[in-house]
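J.: Dropping the sequence and predicted coords here.
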Amino acid sequence: MARSFLELTDPTNRQYKALRAYFVEGLCSGEVTHRFGYAAASFRVLWQQFRQNPQRGFFLPPQKGPHASPRTDRMREKVVAFQKQNLSIYDISRALESAGQRMVLSQTTNS
């Protein structure tokens, strides 16, 4: 049962506890990175962002954007299925349009 409290799975909770350890408990950044599993550079960015604007609702769970709807999820599944067939973005767009669905072309690269 104790492991449930020691192993942080929620990123917001992890950030809160790491920053609290640094700013309130006075732990050095090396101890905080070790205890909470951050890379030194990642924790440095985290505390710098917090110092720049601690009033921004830093520890609130991230808001889900407009893309997180069941309709969009279904569209995404269809697009992924077409991609697995090695269709181009133009072929996918035509296939969706023939099914009565409109898709705005957006091509990204994974690197």
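T.: On my side now, so go ahead.
J.: residue contacts, Asn53?
T.: Counting by C-beta atoms under 8 Å, 6 or more residues apart in numbering, Asn53 touches no other residue. C-betas here are computed from N, CA, C, even on glycine.
J.: Mind pulling up the pLDDT for it?
T.: pLDDT, Asn53: 83.
J.: Could you do Leu8 as well?
T.: 61.
J.: Run a quick neighbour tally on the closest residue to Thr33 other than its chain neighbours.
T.: Spatially, and ignoring its direct neighbours in sequence, Thr33 is nearest to Phe43 (4.9 Å; C-beta to C-beta, 6 or more residues apart in numbering). Each residue near Phe43 was counted by other C-beta atoms under 10 Å, and the total is 20.
J.: Report back the residue of the protein that's furthest from centre.
T.: Relative to the centre of the chain, the most outlying C-alpha is that of Ser98, 33.4 Å out, by C-alpha atoms, centre = their mean.
J.: pLDDT score assigned to it?
T.: At Ser98, pLDDT is 83.
J.: That one and Ser42: what is the separation?
T.: 46 Å (C-beta to C-beta, to the nearest Å).
J.: Identify the single longest helix in this protein, thanks.
T.: helix 70-84 (DSSP state H).
J.: buried ones in that helix?
T.: Neighbour counts over helix 70-84 (16 or more other C-beta atoms under 10 Å) mark 75, 78-79, 82 as buried.
J.: By mean pLDDT, which helix or strand of this structure comes out lowest?
T.: helix 2-6 (a mean of 67; mean pLDDT, DSSP states H and E).
J.: circling back to that earlier point, in terms of pLDDT, where does the residue nearest to Thr33 sit?
T.: Reported pLDDT for Phe43: 92.
J.: what residues does the one helix or strand it maps to touch?
T.: Taking DSSP states H and E as the criterion, Phe43 maps to helix 40-52. Here helix 40-52 makes contact (C-beta under 8 Å, 6+ apart) with 15, 18-19, 22-23, 29-30, 32-33, 36, 38, 58.
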